[in-house]
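# Make a model of this:
(chains A and B)
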Amino acid sequence: NAGVTQTPKFQVLKTGQSMTLQCAQDMNHEYMSWYRQDPGMGLRLIHYSVGAGITDQGEVPNGYNVSRSTTEDFPLRLLSAAPSQTSVYFCASRRGTSGYNEQFFGPGTRLTVL
Amino acid sequence: GQQLNQSPQSMFIQEGEDVSMNCTSSSIFNTWLWYKQDPGEGPVLLIALYKAGELTSNGRLTAQFGITRKDSFLNISASIPSDVGIYFCAGTSGTYKYIFGTGTRLKVLA
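This is a model prediction of the structure:
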């Protein structure tokens, strides 16, 4: 199993550009989520999904869209990038939706918005 | 948004020393988790705690779920250079969402 994979690993955007951060998992996990990590802030939840076709907002959803058309994939879209979205983005997945299952993280995407 | 208070923010220790860090919350959690993040990588789960008072070990790591359910502690015994990294606590009250601490950055001096 590859676990949770994320692409790209690094990305530089100009303000106003759009892009999609890809996330995939091959563990048949129901729950997937996106976090952003900023210095001194820990990880903050952007959006999450409890299964294909079901998504919901996390703590900091503004400026981001998600969709979950398959169990495996959970892309994060930035429609109009802003410098405030410069961050490291982590995708995570876990089996089931209770808090008692281990959450696996991808390696991260480092995004810079100029 | 809610964040957990994690302390210390960073620490330098000598190789072989024991390390302690803690995490406190204003909310009651029913699960506490401790993660380690190496540079350029995603967090990896170290220990999961599921009930108040629970003490769980993973090698040289020991974590405790506080009796009040609002805090948790992580101890690392006899630190080694590969312990370098950022340690995060996380908690959940049983919903889908984990709340993460701000991290403790550990640096080990050989």
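
# low-scoring stretches of the chain, by residue?
In the absence of a named chain, chain A is used. A:1, A:97-100 (pLDDT under 70).

# nope, chain B
B:1-2, B:95-96.

# Quick check: buried residues in stretch A:33-52?
Neighbour counts over stretch A:33-52 (16 or more other C-beta atoms under 10 Å in any protein chain shown) mark A:33-37, A:42-50, A:52 as buried. (C-beta placed from N, C-alpha, C; glycine too.)

# need the strands for the chain, in chain order.
You didn't pick a chain, so chain A it is. A:4-7, A:10-13, A:19-25, A:31-38, A:42-51, A:54-57, A:64-66, A:76-78, A:87-94, A:104-105, A:109-113 (DSSP state E).

# meant chain B, my bad for not saying
Under DSSP E, chain B gives strands at B:5-7, B:10-14, B:19-24, B:31-37, B:44-49, B:55-58, B:61-65, B:71-76, B:85-92, B:99-100, B:104-109.

# ok, residues contacting the second one?
Pointing back at strand B:10-14 there. B:19, B:21, B:79, B:104-109 (C-beta atoms under 8 Å, 6 or more residues apart in numbering or on different chains).

# Also the shortest one?
If you take C-beta under 8 Å, 6+ apart as the criterion, strand B:99-100 is touched by A:35, A:42-44, B:2-4, B:25, B:27, B:88-92.

# now the last one
Counting by C-beta under 8 Å, 6+ apart, the neighbours of strand B:104-109 from elsewhere in the structure are B:6-15, B:19, B:21, B:76, B:79-81, B:83-88.
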